[in-house]
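Engineer: Structure, please.
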Amino acid sequence: METPEKSPQISLELRGITKKFPGIVANESVDFDLREGEIHTILGENGAGKSTLMNMIAGLFPADEGEMRVFGEEVNFTNPRQAIEKSIGMVFQHFMLVKNHTVAENIILGQPGVVRLNLKEVHQQIREISERYDLFVDPEKKIQQLSVGEQQRVEIVKVLFRGARILILDEPTAVLTPQESEALYEIMQRMTKEKHSIIFITHKMKEVMALSHRITVLSRGKVMATLLRKETNPQKLADLMIGNLEAQDVVKVSEFLRKTVVEESTEVDSQPQNKQQKSGNLTVALKNIHAVNDLGHPALKGISFEIRSGEILGMAGVSGNGQPELTDVLSGLRPATQGTYQFEGTALKNPTVNEMIERGIGYIPEDRKKYGVSSGMSIAYNFLLRDFRNPEFCSHQLLKQANIFDYGQKKMEEFDIRAPS
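Structural biologist: The predicted model follows:
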């Protein structure tokens with residue numbers, strides 16, 4: 001007589017989890033469970049409540065209602081250390097690393113009894129974890145010497161070093177190249193074979209369908225469904241995302257699905273296109289541009305290209321090969337040490353950021369949290385940063401507060417930014 005196959009152990013269980021902020025119910029009566037050796041994807045648009053839910057699991061703040069069990073034990077986390085002690089580790093989309101410290105120093109930072117740790121033994125442990133999971137990191141390198149993909153591997157090693165059996169990966173491929181993303185997929189599969197459980201947050205439908213064992217769809221803080229991957233498809237998942245949304249959001253999710261279909265069809269149809277695009281006027285022309293990085297080392301070595309109006313120019317390359325320095329030069333954040341820069345027929349000599357803004361340059365940086373917004377300022381003031389000299393918002397060096405906040409409110413509605421105020 002055959003022994004029946006044992007069901008996987010439940011690593012994490014949430015029942016009736018609710019979290020409210022002033023004017024917003026971020027999560028409402030959420031039920032969720034995570035099994036041993038499983039990749040469980042959380043899918044939902046921006047503002048669906050994914051980050052709030054993960055932050056409660058990671059101990060960043062407590063739930064207002066409901067209960068949480070980790071390996072069968074009821075817990076009530078009030079700080080991240082309690083979650084770490086229960087074998088939960090979170091890899092944030094925006095890495096929590098000290099740039100001028102080494103990999104090993106970052107990994108042991110915050111560890112109890114850190115002063116008594118033998119650094120040589122730490123280096124050996126890091127190398128053992130790296131080899132076991134194919135997470136190749138040099139414990140003696142400084143973080144500022146690493147590419148974005150390498151920094152992410154450091155974050156994963158850090159949570160494994162601390163004994164994590166439940167890993168939360170928040171948009172882990174958002175800043176990775178396709179090659180780095182593929183390497184991460186293999187690492188995730190290897191971790192599940194070692195009985196680790198992974199909560200995977202992503203917007204990319206291709207990743208959802210390729211990696212998930214189960215998928216939970218969130219919308220406006222509520223669980224719409226939890227499905228096995230083999231029981232669903234991109235259309236069904238998009239329908240679930242739409243199910244609890246207002247009319248304007250339906251359009252956004254439909255566009256998200258359309259882009260997914262386009263992305264998949266592009267991969268299949270790799271034949272070169274023969275259609276000739278009409279070229280517009282010359283907008284940007286770089287010739288023999290050189291620039292150094294923040295450490296003073298050469299980052300750009302003789303870059304030359306042209307961009308015409310109506311054209312999309314793609315740049316491919318593994319991260320850490322000069323992409324940020326190039327965008328800095330284009331937007332006025334970094335001076336070129338050699339070469340010429342022409343914009344709409346005008347030769348520019350190390351232009352300032354304000355000059356490039358006035359010329360119509362917009363820049364969405366790789367690290368939007370660090371360089372794209374000022375987190376200590378209100379949403380209205382963030383919208384104002386590029387336009388604070390506008391007489392509609394400023395008169396005789398005094399800010400017109402009512403106009404600023406009316407403008408901010410309109411922009412929040414236009415771009416569907418959800419916040420209590």
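Engineer: mind listing the helices in the protein by residue range?
Structural biologist: Here the chain has its helices, by DSSP state H, at 50-57, 80-85, 103-108, 119-133, 148-161, 178-193, 205-211, 234-242, 247-268, 323-331, 353-358, 379-384, 401-414.
Engineer: Select, out of the ones you listed, the one closest to Ile289.
Structural biologist: When these are compared by C-beta to C-beta, helix 323-331 sits nearest Ile289, at 6.3 Å. Placement of C-beta: from N, CA and C, glycine included.
Engineer: which secondary structure elements does the closest one contact?
Structural biologist: Packed against helix 323-331 by the contact rule (3 or more C-beta pairs under 8 Å, 6 or more residues apart in numbering; DSSP states H and E) you find strand 282-292, strand 298-308, helix 353-358.
Engineer: ok so, going back, nearest to Ile312, out of the helices of the chain?
Structural biologist: Closest among the helices of the chain, once you apply C-beta to C-beta, is helix 247-268, at 13.5 Å.
Engineer: Surely Phe388 and Cys394 touch.
Structural biologist: Yes - with contact defined as C-beta atoms under 8 Å, Phe388 counts as touching Cys394 (6.0 Å).
Engineer: Those two: which has the busier surroundings?
Structural biologist: Set side by side, Phe388 and Cys394 show more neighbours around Cys394, with 16 against 11, by other C-beta atoms under 10 Å.
Engineer: how about that one, what does it touch?
Structural biologist: Contact partners of Cys394, counting by C-beta atoms under 8 Å, 6 or more residues apart in numbering, are 388, 400.
Engineer: repeat that for 10 Å
Structural biologist: For Cys394, the contact set (C-beta atoms under 10 Å, 6 or more residues apart in numbering) comprises 384, 387-388, 400, 403-404.
Engineer: Now the buried members of those.
Structural biologist: Among the contacts of Cys394, those buried by neighbour count (16 or more other C-beta atoms under 10 Å) are 384, 403-404.
Engineer: Which of these sits closest to Arg368?
Structural biologist: Using C-beta to C-beta, the buried ones among the contacts of Cys394 come closest to Arg368 at Leu384, 17.7 Å.
Engineer: From Val329, how far off is that closest one?
Structural biologist: Distance, Leu384 to Val329, using C-beta to C-beta, to the nearest Å: 26 Å.
Engineer: Give me the domain ranges for this structure.
Structural biologist: 10-87+165-264, 279-366, 373-421 (automatic domain parsing).
Engineer: Contact partners for the residue nearest in space to the middle of the chain?
Structural biologist: With distances taken as C-alpha atoms, centre = their mean, Gln93 lies nearest the centre of the chain, 3.8 Å away. Contacts for Gln93 (C-beta under 10 Å, 6+ apart) come out as 51, 152, 169-175, 201, 367-369.
Engineer: May I see these arranged in CSV, with neighbour count and distance to Asn27 as well?
Structural biologist: Converted to CSV, those look like this (neighbours: other C-beta atoms under 10 Å; distance: C-beta to C-beta, whole Å):
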residue, neighbour count, distance to Asn27
Ser51, 19, 10
Gln152, 28, 26
Leu169, 26, 19
Asp170, 20, 16
Glu171, 18, 18
Pro172, 26, 22
Thr173, 21, 24
Ala174, 16, 22
Val175, 20, 26
Ile201, 20, 14
Asp367, 13, 27
Arg368, 13, 24
Lys369, 11, 22
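Engineer: Go through those residues and flag which are in strands.
Structural biologist: Those of the contacts of Gln93 mapping onto strands are 169-170, 201, per DSSP state E.
Engineer: sorry, back to before: ok, of the helices and strands packed on helix 323-331, where does mean pLDDT dip lowest?
Structural biologist: Looking at the helices and strands packed on helix 323-331, the lowest mean pLDDT belongs to helix 353-358 (a mean of 89).
Engineer: And for it, what's in contact with it?
Structural biologist: Helix 353-358 has contacts (C-beta under 10 Å, 6+ apart) with 328, 330-333, 343, 348, 351-352, 361-363, 385-387, 389.
Engineer: Which entries within those residues meet the buried criterion?
Structural biologist: Using 16+ other C-beta under 10 Å as the burial test, those include 328, 330-333, 343, 348, 351 as buried.
Engineer: Format those residues as JSON lines; extra columns: distance to Phe136 and pLDDT.
Structural biologist: Output for these, formatted as JSON lines (distance: C-beta to C-beta, whole Å; pLDDT from 0 to 100):
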{"residue": "Asp328", "distance to Phe136": "28", "pLDDT": "91"}
{"residue": "Leu330", "distance to Phe136": "32", "pLDDT": "94"}
{"residue": "Ser331", "distance to Phe136": "33", "pLDDT": "92"}
{"residue": "Gly332", "distance to Phe136": "36", "pLDDT": "92"}
{"residue": "Leu333", "distance to Phe136": "31", "pLDDT": "90"}
{"residue": "Phe343", "distance to Phe136": "41", "pLDDT": "94"}
{"residue": "Leu348", "distance to Phe136": "41", "pLDDT": "93"}
{"residue": "Pro351", "distance to Phe136": "40", "pLDDT": "92"}
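Engineer: which one of these is nearest Glu186?
Structural biologist: Asp328 (32.4 Å).
Engineer: With adjacent residues omitted, what lies nearest to the closest one?
Structural biologist: Arg334 (3.5 Å; C-beta to C-beta, 6 or more residues apart in numbering).
Engineer: now swap in Ile364 and tell me
Structural biologist: Ile364's closest residue in space is Gly372 (C-beta to C-beta, 6+ apart), at 6.5 Å.
Engineer: what's that neighbour in contact with, if anything?
Structural biologist: Contacts for Gly372 (C-beta under 10 Å, 6+ apart) come out as 363-366, 382.
Engineer: among those residues, which two are most distant?
Structural biologist: For these, and using C-beta to C-beta, no pair is farther apart than Glu366 and Asn382, which are 18.3 Å apart.
Engineer: Would you mind telling me which of these two has more residues around it?
Structural biologist: Taking neighbours as other C-beta under 10 Å, Glu366 and Asn382 compare with Asn382 leading, 17 against 14.
Engineer: and the gap between the more buried one and Thr327?
Structural biologist: 20 Å.
Engineer: Same check on Leu218?
Structural biologist: Distance from Leu218 to Thr327, by C-beta to C-beta: 33 Å.
Engineer: where does the stretch 151-300 of the chain dip in pLDDT?
Structural biologist: For the stretch 151-300 of the chain, the stretches with pLDDT under 70 are 243-279.
Engineer: picking up where we left off before, quick check, pLDDT for the residue nearest to Ile364.
Structural biologist: pLDDT at Gly372 comes out at 81.
Engineer: wouldn't the residue nearest to Asp328 be in contact with His290 here?
Structural biologist: No - between Arg334 and His290 there is no contact under C-beta atoms under 10 Å: 11.3 Å.
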